[in-house]
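>>> Coordinates only, no sequence provided:
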């Protein structure tokens, strides 16, 4: 009997904390009682409410403000992150309340389905999941020296490190057992880790392809539906039962284990909501809000038969890469914190726990990449200025089966509008890129590895 009583008390405490968490400026005890009654269709006794508020105050989950006659209760999140359990991220009080909600036994959870109104109620520039103070802090820690350079410059400067970190950390959140060193050996040297199954290896390689796509697409001014589908296709290659589902929007029901949430099974709703997500991302004025918006709404919709969270994690980097901000690698993110943050979105439309994870993870990423950025050389200004032209020349030379000659490369550069004073330097850099082509870099030039091998073999025979 005592166990039931404690469960009831804990449930009341969580629900009252949730009500107060929605009022950062404070809510009176009378208004708390009214909100509680509206939800449960029955009132909570004044004495019980007073006792619960005292317990929440002692636990530092809420903060009373004002004298007795004018007292309001605010979420303690205003005081900053609170201590968290070992192996978790530091949480705000709102994050703690969400964690308590999602940890309730399944039998106590109410089954819920997808609610498109929540997505369509979001107004870019007016609705904010990240408070203004949080956005300011993220801009401050994420700022790089490349802010005024072409989109994607910073990501290209740290590309090798980003590729390894993001491919490893994102895969680890899916249960992949590759270590960071295993990942590095696979991506840099093509060495597969012993004792790992083919699916884990494929997952790492797929992340590599998807990250390359994101970095290459950074120069586009708007987030496009085609990019979302392409990123999913890259991540899903050879991992789904039906290859036709790679990059294709879902047309059948799916279920998610460990949650009371069931995604929509209506293809038309999925298509409409994907279009709304894409339009919203392009219209959101702040890159961090856009990144977090994708981490919230792509998994919530589940637009693909599988690999939705992976797609959201990589897609979330697009607005950051485009603005030359530090990317988000997810290194050291505790899997349980990430999963429970996502469950808060699924089951309650509550973003606070996932937001705590996002902010913590981003600050960790920035600390790492500032060190990386300080240890690398400055980018070649000529390669930076003619990046698109160099890619086109390398692609066209290989496709045409031509030997790499400075004169031919000079002519191709001139045809693409390279300044006459820069043609010699352009040809030298194009030649270097051609001679250094390998399986890993082929995709940057929209080439298949087999094409590079055949091309190199061809001009060597001619020589």
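Sure, I can see it. Computed from a prediction, not measured in an experiment: that's the story for all the values here.

>>> In contact with the nearest residue to residue 88 once chain neighbours are set aside, which residues are there?
Nearest residue to residue 88 in three dimensions, chain neighbours excluded: residue 337, at 5.2 Å (Cβ to Cβ, 6 or more residues apart in numbering). Placement of C-beta: from N, CA and C, glycine included. Taking Cβ atoms under 8 Å, 6 or more residues apart in numbering as the criterion, residue 337 is in contact with 88, 89, 353, 356, 357.

>>> Buried ones among those residues?
Listed as buried from these are 88, 89, 353, 356, 357; burial here means 16 or more other Cβ atoms under 10 Å.

>>> now these in CSV, with secondary structure?
Putting those into CSV (DSSP: H, G, I helix; E, B strand; the rest coil) gives the following:
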residue, secondary structure
88, coil
89, coil
353, helix
356, helix
357, helix
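
>>> Tabulate those residues (JSON lines), appending pLDDT.
Putting these into JSON lines (pLDDT from 0 to 100) gives the following:
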{"residue": "88", "pLDDT": "90"}
{"residue": "89", "pLDDT": "92"}
{"residue": "353", "pLDDT": "96"}
{"residue": "356", "pLDDT": "96"}
{"residue": "357", "pLDDT": "97"}
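
>>> For residue 290, state which of the residues you listed is nearest.
Nearest to residue 290 among the buried ones among the contacts of residue 337: residue 357, at 17.2 Å, using Cβ to Cβ.

>>> quick one: the closest one from residue 337, how far?
Separation of residue 357 from residue 337 (Cβ to Cβ, to the nearest Å): 5 Å.

>>> cool, and residue 252?
Separation of residue 252 from residue 337 (Cβ to Cβ) stands at 31 Å.

>>> ok, now how distant is the most centrally placed residue in the chain from residue 333?
Nearest to the geometric centre of the chain sits residue 313, at 2.7 Å (Cα atoms, centre = their mean). Residue 313 is 10 Å from residue 333, where distance means Cβ to Cβ.

>>> Overlap in contacts, these two.
The contact sets of residue 313 and residue 333 overlap at residue 173 (Cβ under 8 Å, 6+ apart).

>>> secondary structure class for the residue nearest to the centre of the chain?
Classified using three-state DSSP, residue 313 is helix.

>>> mind listing the strands for this structure?
Using DSSP state E, the strands of the chain run over residues 27-28, 62-65, 72-75, 112-113, 261-262.

>>> Report the separation between residue 212 and residue 91.
35 Å.

>>> Also residue 8?
24 Å.

>>> So for these two, which residue has more residues nearby?
Set residue 8 next to residue 91 and count neighbours by other Cβ atoms under 10 Å: residue 91 wins out with 24 against 10.

>>> separation between the more buried one and residue 73?
With Cβ to Cβ as the criterion, residue 91 and residue 73 are 19 Å apart.

>>> repeat for residue 167
From residue 167 over to residue 73 the distance is 45 Å, taken as Cβ to Cβ.

>>> the more surrounded of the two?
A count of neighbours by other Cβ under 10 Å puts residue 167 above the other of residue 167 and residue 73, at 28 against 25.

>>> nearest residue to residue 271 other than its sequence neighbours?
Computed as Cβ to Cβ, 6+ apart, the closest residue to residue 271 that is not its neighbour in sequence is residue 249, at 6.1 Å.

>>> quick one: contacts for that neighbour?
Residues in contact with residue 249 (Cβ under 8 Å, 6+ apart) are 229, 267, 270, 271, 274, 303, 304.

>>> please redo it, this time with the cut-off set to 7 Å
270, 271, 274, 303, 304 (Cβ atoms under 7 Å, 6 or more residues apart in numbering).

>>> same thing with residue 445?
391, 394, 395.

>>> what's the answer for residue 338, then?
173, 357.

>>> what's the spacing between it and residue 153?
29 Å.

>>> Then residue 72?
Residue 72 is 48 Å from residue 153, by Cβ to Cβ.
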